[in-house]
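>>> Quick one, structure for this:
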Amino acid sequence: MFFKNFKVWETELAGRKLTLETGKMAGLANASIMARYGETEVLCNVTASAKPRESVDFFPLSVDFEEKLYSVGKIPGSFQRRESRPSEKAILASRCIDRPIRPLFPKDLRNDCSVVATVMSVDPDCSPEITAMIGVSAAIAISDIPWDGPISGVNVGIVDGKIVINPTLEQRAKSDLVLTVASTADLVAMIEAGANEIDDDMMFNAIMAGHEENKKIVKFIQGIVDEVGKPKFEYESSDPDPEIMAEIEAFCIEDVKKALDTDDKNVRDERLLPIYEAVHEKFDERFEDNTAKLDEIMYLVQKHVVRAWLKDEHKRVDGRGIDEIRPLNAEIDLLARVHGSGMFTRGQTQVLSIATLGGIRDAQALDGLDEQTEKRYIHHYNFPSYSVGETKPSRGPGRREIGHGALAEKALLPVIPPVEEFPYTIRVVSEVLSSNGSTSQGSICGSTLALMAAGVPIKAPVAGISCGLITGDEGVYGDFMTMVDIQGLEDFYGDMDFKVAGTKKGITAIQMDLKVHGLTPEIIKEAFAKTHKARNYILDEVMLPVISEPRAELSKYAPKMKTTAINPDKIGDVIGKGGKIIQQIQADYDVKIEIEEDGNVFVSGQDADKCDAAIELVRLIASDPEIGAFYNGVVTRLMNFGAFVEIAPGKEGLVHISRLDVKRTAKVEDVVNVGDSVIVKCIGITDEGKIDLSRRDALIELEGMKPENDIDEKPRKSGGSRPRRPRRDK
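Below is the predicted model:
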């Protein structure tokens, strides 16, 4: 056989075949796995540099989830017809894979490591993200790269009240939960969730159900490792010399404690600066080739102080109690001409959110691998350098900003009203003005305020809070403690950032970041209990006193939106030849009209009365004339036998000369002229659709005028007969 190292392993996951194969493709990578789940196929490759990167104090890992549109039979819509920068969904998938695998690499590893998952075929019922996560785990596990895996991941849904593992496309459409759970053999390594106000117990059960399924796949991958896994390579540790570390710690630890003991980040940074200078002055000569190593040691000293305070003394750097939330403040209407604004402040973290309302066509078009083609609720998150007191140019949103914006979007989407109730596209932008931890949760709170201030009828207000973790020397199985509302240092030096957002009824979003291998069920339960209590406090004591419910009216600067539904067969009548009719309506009423294929019509403009008038005109055009109905029309043509009147754009009818007035008419021009506005009554419609109108009947019935003579003219009948002329005396 040509591929002598080619091997295939099969198992079942949620009732569908999962296949992992190696030895056939990408033979020059450290390891390569083709993962197949149903008809979804993802090629997963991992590589690592032979030598560590110099002068870095972090593990240089990159994870890329590459969406190839050929996988779903599409040609990219870009000018060059090729994939360009990753979509937001691809970036979020990369982050979902990164978060559970990163803590399992050695903390002292500095070799560059690259993980690339290329999606080559997509079965809508089998998630490419989950397939990629499993394939990546298997690839790293069998490679020679040091790693304490494997892991597995599954999606979990709740359909008709029942927990479903890896729901199909049809099930996902009905699911109240979109949950991704990653696990090691023993611990929950990552949680990412969007939920329709799911209670804590149901969420916990769903996580545990996913964890149990993951254990089976981890065992499956471990069997592959036992069979073909490579020995892990030796690497140069980046850990400082223990003796030098102890010497530097003894030199500065008391000063570091004094510097950290404040609730003001600026004061803390000012106090630490001279300590760094003193350390460099004393020890630079011993680190002549790598003075950056001193900064890494200073980081470890601060980490030791913060963790010891929390673990041993239950002391937080800002003096708060373990479950005490920082000072809170909420405001609305900070910006004069925007549609809605809200600012949420928690300690030194401050986020200003701005809501903007637009038409349905303002929805964001999506060109990706799944069935979603657009979204009408859009949330963007910006994190400028000044928010942390730094100076650097803005280069646009990075992966972190995209991830935090997606988390806030996920948290608020369940309470956004459907388009039938609120026919707007909604964009919220969260501007981080100051950051000292939990800005993503601050953006959720500020955005709830902005949406309610804008008059968006959300189902319920949403608040978010984070929970931190400190583990003991024995890891998560030994002593641990959690604390609510972690600030920057506690996030930086702690083991977990467990973010939970929700209404008073239930959870709408979760995102969990870990620096340890995983969590036990006890830690997850405790985090749920603490975040539940904290977010209810934020809602009751801070947000709702500022604005208790969405405003009944929109801002005067927001577009007014009216909607109606017409027969899809009549869409062409409303648009007109070459768009003439719809363009004329938009110009006459100063509105924007959007018509969807199903016949839903959306009219937006600054003047509500003009929107109403435009809607009525659209309804008139799309409806067939009704015998007995009255219309306000315009005379378009004069003939010797009568006048043609347009009762709606594109719809004309004939008013016979005998029915122009209550008295006998000799000449049409004696009564009406082209351009005159007249009220007419529909008195007949032929089989060919020709409309007979009467001004005479309208004058008699609506204005009470009395006819001077009786006529016996009748409207045209089916078959096209014309009204008879009035009799004349001989």
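>>> How about the contacts made by Asp362?
Counting by C-beta atoms under 8 Å, 6 or more residues apart in numbering, Asp362 touches Thr425, Arg427. In short, each C-beta sits where N, CA and C put it, glycine included.
>>> ditto for Glu652
Shown in contact with Glu652 (C-beta under 8 Å, 6+ apart): Thr636, Phe644, Val645, Glu646, Ile691.
>>> let's see it at 7 Å
Thr636, Phe644, Val645, Glu646 (C-beta atoms under 7 Å, 6 or more residues apart in numbering).
>>> mind checking which helix or strand it is in?
Element membership for Glu652, per DSSP states H and E: strand 651-656.
>>> Then Val115?
Per DSSP H and E: strand 111-121 holds Val115.
>>> What pairs with that strand, parallel or antiparallel?
Paired neighbours of strand 111-121 in the sheet (DSSP bridges): strand 40-52 (antiparallel), strand 61-67 (parallel).
>>> So which of those is nearest Ala138?
Proximity to Ala138 (C-beta to C-beta) singles out strand 40-52 among the strands paired with strand 111-121, at 7.3 Å.
>>> Report the mean confidence score over the closest one.
Per-residue pLDDT over strand 40-52 has a mean of 97.
>>> swap in stretch 700-710?
In this model, stretch 700-710 has a mean pLDDT of 80.
>>> Residue ranges in this protein under the pLDDT threshold?
Within the chain, the stretches with pLDDT under 70 are 1, 289-290, 473-478, 709-730.
>>> Any chance of a markdown table for the strands paired with strand 111-121, columns distance to Val136 and mean neighbour count?
Listed next are these as a markdown table, based on distance: least, C-beta to C-beta, whole Å; neighbours: other C-beta atoms under 10 Å:
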| stretch | distance to Val136 | mean neighbour count |
| --- | --- | --- |
| strand 40-52 | 5 | 20 |
| strand 61-67 | 8 | 19 |
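>>> what are the phi and psi angles of Ile158?
Main-chain torsions, Ile158, degrees, to the nearest 10: phi -130, psi 110.
>>> picking that back up, how far is the strand holding Val115 from where the chain is centred?
Its chain's C-alpha centre and that of strand 111-121 lie 24 Å apart, by C-alpha atoms, centre = their mean, to the nearest Å.
>>> Also stretch 367-376?
On C-alpha atoms, centre = their mean, the centre of stretch 367-376 falls 11 Å from the chain's centre.
>>> For that stretch, buried residues please.
Buried residues in stretch 367-376, counted by 16 or more other C-beta atoms under 10 Å: Gly368, Leu369, Asp370, Lys375, Arg376.
>>> do the same with stretch 405-421
Residues 405-417, 419 are the ones in stretch 405-421 that count as buried (16+ other C-beta under 10 Å).
>>> mind listing which of those residues are in helices?
Within those, residues falling in helices by DSSP state H are Gly405, Ala406, Leu407, Ala408, Glu409, Lys410, Ala411, Leu412.
>>> doesn't Ile378 make contact with the first one?
Translated: Gly405. No - look at Gly405 against Ile378 with C-beta atoms under 7 Å: they stay out of range, at 8.7 Å.
>>> Which residues does stretch 378-390 contact?
Here stretch 378-390 makes contact (C-beta under 7 Å, 6+ apart) with 266, 364, 391-392, 394, 397, 400-401, 404-405, 408-409, 412, 427-435, 439, 443, 447.
>>> Minimum distance to Arg286: which of the strands paired with strand 111-121 has it?
Between Arg286 and the strands paired with strand 111-121, the tightest spacing by C-beta to C-beta is seen for strand 40-52, at 20.3 Å.
>>> So what touches the closest one?
Applying C-beta under 7 Å, 6+ apart, the contact partners of strand 40-52 are 25-26, 29-35, 110-123, 126, 128, 131-132, 135-136, 139-140, 143, 145, 235-236, 238.
>>> same thing with stretch 585-598?
Outside of stretch 585-598, the residues within contact range by C-beta under 7 Å, 6+ apart are 359-361, 568, 571, 574, 582, 601-605, 607, 610-611, 613-614, 617.
>>> out of all of them, which helix in this protein is the longest?
If you go by DSSP H, the chain has its longest helix at helix 200-228.
>>> If you count contacts, what does that one end up packed against?
Counting contacts by 3 or more C-beta pairs under 7 Å, 6 or more residues apart in numbering; DSSP states H and E, helix 200-228 packs against strand 7-13, helix 128-142, strand 152-159, strand 162-165, strand 177-183, strand 188-198, helix 521-538.
>>> what residues does the longest one touch?
Among residues not part of helix 521-538, those counted as contacts by C-beta under 7 Å, 6+ apart are 188, 200, 204, 207-208, 323, 325, 328, 445, 463-465, 467, 469, 476, 480, 482, 484-485, 498, 500, 502, 504.
>>> If any of the contacts of stretch 378-390 are buried, put those into a PyMOL selection.
Entered in PyMOL, the line below selects the buried ones among the contacts of stretch 378-390, by 16+ other C-beta under 10 Å:
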select buried, resi 397+401+404+405+408+409+412+427+428+429+430+431+432+433+434+435+439+443+447
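>>> and the contacts of stretch 585-598, which of them are in helices?
Mapping the contacts of stretch 585-598 onto helices (DSSP H) picks out Ile571, Val574, Ile582, Lys610, Cys611, Ala613, Ala614, Leu617.
>>> need those in a markdown table with distance to Asp64, can you?
Output for the ones in helices among the contacts of stretch 585-598, formatted as a markdown table (distance: C-beta to C-beta, whole Å):
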| residue | distance to Asp64 |
| --- | --- |
| Ile571 | 43 |
| Val574 | 47 |
| Ile582 | 45 |
| Lys610 | 50 |
| Cys611 | 47 |
| Ala613 | 53 |
| Ala614 | 48 |
| Leu617 | 52 |
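>>> which two in these are spaced the farthest apart?
Maximum pairwise distance in the ones in helices among the contacts of stretch 585-598, criterion C-beta to C-beta, is 21.7 Å, between Ile571 and Lys610.
>>> roughly how far apart are the nearest residue to Asn673 once chain neighbours are set aside and Val672?
The spatial neighbour of Asn673 that comes closest, neighbours along the chain excluded (C-beta to C-beta, 6 or more residues apart in numbering), is Val635 at 6.6 Å. For Val635, the distance to Val672 equals 5 Å [C-beta to C-beta, to the nearest Å].
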